[in-house]
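**Q** here's my sequence, what's the structure:
(chains A and B)
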Amino acid sequence: MMSNTTMLFLLLLTPLAFSLLTFACRLLGNAARACVTLLHFIGIMLLLVVSLWVVMQVYQQGDILAAGRWLHLDSLSALFLAILGIIGCLTGLYSIGYMRHEVDEGEISVATLCHYYGFFHLFLFTMLLVITSNNLILMWAAIEATTLSSAFLVGLYGQSSSLEAAWKYIIICTVGVAFGLFGTILVYANAASFMPDPNDAIFWTEVLKHATQLDPMLMHLAFVFILIGFGTKTGLFPMHAWLPDAHSEAPSPTSALLSAVLLNCALLIIIRYYIIISTTLGHDFTGTLLMVFGFLSVAVAAFFILVQRDIKRLLAYSSVENMGLIAVAIGIGGPLGILAALLHTLNHSLAKTLLFCGSGNVLLKYGTRDITVAKGMLKCMPFSAVLLAGGALALGGMPPFNIFLSEFMTVTAGLAAGHITLTIVLLLLLTVVLAGLVRMVASVLFGAKPEEVNKGELGILTTLPMLILLVLMLVMGTHIPQPVSRLLENAVHIVMNNKPGTHAQPLSWPWAVQNHSSAAEPQAGEVK
Amino acid sequence: MTGSLIVNNLAGLMMVTSLLVIGAKRPVASCWLYALQSLLLVLIFLTLGQTLGAHQLSLWAISAFITKVVLVPVIMAYAFRKMDDPSANGSLIGPVMLMLAAAVIVLLCWFVVEPVQVPLLASLKPALAVSLGHFMLGLLCIVTQRNILKQVFGYCLMENGSHLTLALLANRAPELVEIGIATDAIFAVIVMAVLARKIYRTLNTLNVEQLTALKG
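**A** So this is what the prediction gives:
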């Protein structure tokens, strides 16, 4: 049996090693293109296998603490790790088809291709570090590192608009995340002042054990800093200014990775501090702040979605909207609200990856992101068109897909918690979002296709990932596999900070999960 | 007690160098002023290490000397040496306003820090206020300066401010953490410098007001 430390090191070192290897491919001359693509393929497949294997270990044996408590995985981070593994692999697969087209067209050189794959794996490594870190300050440093490793991916095309987007991205995010550092220091310094061993105050798991003793006044201040700091990276209004630019200018697979994994990583850090600070202060202050920021994000993004002509900017605003929705659900709180938030995190990642891949196909085919120019997709690539339409309707909250389930649960949680007005306005805003998405799909799918655009799909590598995602979304909307629902339930207990062994009330799923008494299941950590 | 006095005065000097970094006409001059400021930071680390008996701080001082006094200024001076854009040499606020703003910031930070109960020697409170003010001054630099190279310096000032806060409040943190943060800072500067050069070559400008292709 491999030790936990070895297992987590293997998880972290896989993308790091492939990053270095793919960077080095640049030196191979004529063989570079084939070699880098092959290495990249092996890298993403290994990443998928290793991350799902680690998730299974967490599922079976509960919390994992390793490397002198510097690394930590519980059901909550396992959920985010699973998202990273699956989305990382699918966007990696899509990248191969997408980048083949870009190199053939002369949009990027082979050297840039090697850089792309190198930064792709480096970016995955930094996000893995965020997810697995138990060290509060390392968590912050890892978030900062995600910005640095992805800035080149955003500016990859080297055009004036993409460089501008990369510049805004790096400046706004480093400044924003610096606020997060102040929040981090406040929590750490406060914990270090009273904990029996001050050296333990740097570990999230240890601070949580003493969370009730933290100074309430400082924790109010710390949470504001944390929410502004990491909220910038999560894309919450009004710190979201970098997001539409970066998501629209990056190559489509990178946009998917930014939207579906990076935003979640920053969200995970916010949730980590939410757990600690809610234990100190109770849910009122943290919940209200999350609800306000989340609601504003949904409201502002909804109207941008409605009027947007650039398909990728539209999707970027949809990310702001969905992150807002998740924040609202956490803010509503209670087991149902948290469950809705975590389920929505997973669902949004699947849906948004599908749509960014679809928008990538539109971009490759038409050479534009303007939905008033790219028309008649149903005639020139019907398969991609149907997948894109299915994904967009699903993202808008159409049953029987997964987003409908999590949005339904959010609304139920809102009503149950007595936020009647908020829930009604939220429903109206979600209708606006649906209208915006339908408008986009109608515009792209129908109409006369431009003369110069040829018929034909772009190849299996750019359509297969979309198909897989649509199937996953259908499954997640109708029959959630038991390991997934169990993982989500365990994650809810972690966010609620229920002590292991206490019998929390069983979680109720409206449908899609066969009822089983989750309270009777052993809690994470107890099995070991 | 003398230790705290030295730390507070050095922290005050850091504010002065910050103003010089922001106010300097040529980016290369800002580089060396930044190196000077980092040297002050290193001295603060050493003095603090003695005053608080925190041995990690001596190690911090060594790594900060290598990264902030030597590496970062050299990297920036090398990257920025050939970039020049007279149209970008301007600020939304003049030097007098800048100094006034700095004074207001420090005063405000003092009022914020004063009532807060933090695990710190009371005599070091002024240094804490300065560290927070330094951070805000960096932010002010990013917001008001039109030259994108100045925005990089703004980031460096913020970084020094938060590093001082770390040294005051989190000086028992393991050395590895400090190395992680220092590495981040170096790579941030490298990435920003490379991006700035690409922007300069592609758009022929360093003026942030010319970067307005993306809207809505």
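**Q** residue A:175 versus the residue nearest the centre of chain B, what's the distance?
**A** Residue closest to the mean C-alpha point of chain B, counted by C-alpha atoms, centre = their mean, is residue B:157 at 1.5 Å. Distance, residue B:157 to residue A:175, by C-beta to C-beta, to the nearest Å: 11 Å. C-beta coordinates here come from the backbone N, C-alpha and C atoms, glycine included.
**Q** swap in residue A:326?
**A** 23 Å.
**Q** more neighbours: the two, which one.
**A** residue A:326 (31 against 21; other C-beta atoms under 10 Å in any protein chain shown).
**Q** residue A:162 - nearest residue in space that isn't next to it in sequence?
**A** residue A:249 (4.2 Å; C-beta to C-beta, 6 or more residues apart in numbering or on different chains).
**Q** run a quick neighbour tally on that neighbour.
**A** For residue A:249, the count of nearby residues is 28 (other C-beta under 10 Å).
**Q** now do the one 4 residues further on
**A** The criterion is other C-beta under 10 Å. On that basis, residue A:253 has 27 neighbouring residues.
**Q** how much space between it and chain B?
**A** 20 Å (C-beta to the nearest C-beta, to the nearest Å).
**Q** isn't that residue right next to residue A:357, touching?
**A** Yes - using C-beta atoms under 8 Å, residue A:253 is in contact with residue A:357, at 7.2 Å.
**Q** list residues touching both of these two?
**A** Applying C-beta atoms under 8 Å, 6 or more residues apart in numbering or on different chains, one finds that residue A:253 and residue A:357 are jointly contacted by A:91, A:94.
**Q** how far does whichever strand or helix holds the residue nearest to the centre of chain B sit from the chain's center?
**A** Secondary structure from DSSP states H and E places residue B:157 in helix B:148-169. Relative to the chain's own centre, helix B:148-169 is displaced by 3 Å; criterion: C-alpha atoms, centre = their mean, to the nearest Å.
**Q** next, see if it gets close to chain A.
**A** Yes - counting by C-beta under 8 Å from any C-beta of the partner chain, contacts between helix B:148-169 and chain A involve B:148, B:151, B:155, B:158, B:159, B:162, B:165, B:166, B:169.
**Q** moving C-terminal of that helix, what's the next helix or strand?
**A** Next along from helix B:148-169, by DSSP H and E: helix B:175-203.
**Q** tell me who's in contact with residue B:203.
**A** A:160, A:163, B:210, B:211 are the contacts of residue B:203 under C-beta under 8 Å, 6+ apart.
**Q** is it possible to get TSV of those residues that adds neighbour count?
**A** Compiled in TSV, these are given as follows (neighbours: other C-beta atoms under 10 Å in any protein chain shown):
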residue	neighbour count
A:160	18
A:163	24
B:210	18
B:211	19
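**Q** what about those residues, which are in helices?
**A** The helices, defined by DSSP state H, take in A:160, A:163 from the contacts of residue B:203.
**Q** which one of the contacts of residue B:203 is nearest to residue A:446?
**A** Of all the contacts of residue B:203, residue A:160 has the smallest distance to residue A:446: 33.0 Å, by C-beta to C-beta.
**Q** the closest one contacts residue B:204, doesn't it?
**A** No - using C-beta under 8 Å as the test, residue A:160 is too far from residue B:204 to be in contact (9.9 Å).
**Q** host element of the closest residue to residue B:99 other than its chain neighbours?
**A** Computed as C-beta to C-beta, 6+ apart, the closest residue to residue B:99 that is not its neighbour in sequence is residue B:19, at 6.2 Å. In this assignment (DSSP H and E), residue B:19 forms part of helix B:2-23.
**Q** and that helix, what's buried?
**A** B:3-4, B:6-8, B:10-11, B:13-15, B:17-23 (16 or more other C-beta atoms under 10 Å in any protein chain shown).
**Q** that one - contacts with which helices or strands?
**A** Identification of packing neighbours for helix B:2-23 by 3 or more C-beta pairs under 8 Å, 6 or more residues apart in numbering or on different chains; DSSP states H and E yields helix B:27-52, helix B:95-113, helix B:125-144, helix B:148-169.
**Q** kindly export that helix (C-alpha atoms) in PDB.
**A** Output in PDB follows, covering the C-alpha atoms of helix B:2-23 (Å, rounded to 0.1, in the frame of the first residue of the first chain):
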ATOM      1  CA  THR B   2      15.700  50.700  20.600                       C
ATOM      2  CA  GLY B   3      14.900  47.800  18.200                       C
ATOM      3  CA  SER B   4      11.400  49.000  17.700                       C
ATOM      4  CA  LEU B   5      12.600  52.500  17.300                       C
ATOM      5  CA  ILE B   6      14.900  51.500  14.500                       C
ATOM      6  CA  VAL B   7      12.200  49.400  12.800                       C
ATOM      7  CA  ASN B   8       9.700  52.200  12.900                       C
ATOM      8  CA  ASN B   9      12.100  54.700  11.500                       C
ATOM      9  CA  LEU B  10      13.300  52.300   8.700                       C
ATOM     10  CA  ALA B  11       9.600  51.700   7.900                       C
ATOM     11  CA  GLY B  12       9.100  55.500   7.600                       C
ATOM     12  CA  LEU B  13      12.100  55.700   5.200                       C
ATOM     13  CA  MET B  14      10.400  52.900   3.100                       C
ATOM     14  CA  MET B  15       7.500  55.300   2.600                       C
ATOM     15  CA  VAL B  16       9.800  58.000   1.400                       C
ATOM     16  CA  THR B  17      11.500  55.600  -1.100                       C
ATOM     17  CA  SER B  18       8.100  54.600  -2.300                       C
ATOM     18  CA  LEU B  19       7.200  58.100  -3.200                       C
ATOM     19  CA  LEU B  20      10.600  58.400  -5.000                       C
ATOM     20  CA  VAL B  21       9.900  55.200  -6.900                       C
ATOM     21  CA  ILE B  22       6.500  56.500  -8.000                       C
ATOM     22  CA  GLY B  23       7.800  60.000  -8.800                       C
END
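**Q** enumerate every residue touching residue A:152.
**A** A:115, A:119, A:166, B:191.
**Q** now those residues as a markdown table including distance to residue B:78?
**A** Shown next, in a markdown table, are the contacts of residue A:152 (distance: C-beta to C-beta, whole Å):
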| residue | distance to residue B:78 |
| --- | --- |
| A:115 | 21 |
| A:119 | 23 |
| A:166 | 21 |
| B:191 | 15 |
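**Q** among the residues you listed, which are in helices?
**A** Short answer: the contacts of residue A:152 in helices (DSSP H) are A:115, A:119, A:166, B:191.
**Q** go ahead and confirm the third one touches residue A:247.
**A** So that's residue A:166. No - applying C-beta under 8 Å as the test, residue A:166 and residue A:247 come out as separate, 12.0 Å apart.
**Q** so what's residue A:290 closest to, chain neighbours aside?
**A** residue A:331 (3.7 Å).
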